[in-house]
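In: Got a sequence here, can you build the structure:
(one chain, ligands or ions: 2)
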Amino acid sequence: MADIQTIGGCQKCGSASLTCKYNFFGEGELQIHSWEHKCLDCGNRLTTAYRTDDEDIVFAEEDVDHCPYCGRSPA
Ligand SMILES: [Zn+2]
Ligand SMILES: [Zn+2]
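Out: Ligands and ions are numbered 1, 2, ... in the order given. The predicted model follows:
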């Protein structure tokens, strides 16, 4: 299940074709919430993934339901 929105305002080229994509994957105890900003014009791409099995983060303290780049929540 993916939720993609065109939000525009690419920081690199100013394009209106910047998309924000949210993806959720869950299986048993594993949960992965991933966010991606991608510009369709210049290819500029930013990604962040929050995983319950990532030992470098405290999953419960991460704001996984908001995009780390634009702050929106999944539709
Ligand atoms: Zn761009
Ligand atoms: Zn975003």
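
In: From now on I want contacts and neighbour counts done on CA atoms only, so please keep to that.
Out: OK.

In: mind listing what the residue nearest the centre of the chain touches?
Out: Taking CA atoms, centre = their mean as the criterion, Trp35 is the residue nearest the geometric centre of the chain, at 1.0 Å. With contacts taken as CA atoms under 8 Å, 6 or more residues apart in numbering, Trp35 has the following neighbours: Cys20, Lys21, Tyr22, Asn23, Thr47, Thr48, Ala49, Cys67, Pro68.

In: Run through the bridge partners of it.
Out: According to DSSP bridges, Tyr22, Thr48 are recorded as the beta-bridge partners of Trp35.

In: For Cys70, grab phi and psi.
Out: With angles defined as degrees, to the nearest 10, Cys70 sits at phi -120, psi -10.

In: so who does Phe24 touch?
Out: Taking CA under 8 Å, 6+ apart, one finds Met1, Ala2, Gln31, Ile32, His33, Ser34 in contact with Phe24.

In: May I ask you to confirm that the third one is in contact with Asp54?
Out: No. Gln31 is not in contact with Asp54 according to CA atoms under 8 Å; the separation is 10.1 Å.

In: If you count surrounding residues, which of the two has more?
Out: Between Gln31 and Asp54, counting by other CA atoms under 10 Å, Gln31 is the more crowded of the two (15 against 12).

In: what comes up buried for the helix or strand hosting that one?
Out: Using DSSP states H and E, Gln31 sits in strand 30-39. When neighbours are counted by 16 or more other CA atoms under 10 Å, the buried residues of strand 30-39 are found to be Ile32, His33, Ser34, Trp35, Glu36, His37, Lys38, Cys39.

In: residue with max distance from the center of this protein?
Out: If you look at how far each residue of the chain sits from its centre, by CA atoms, centre = their mean, the farthest one is Gly28, at 21.7 Å.

In: Brilliant, that's me finished.
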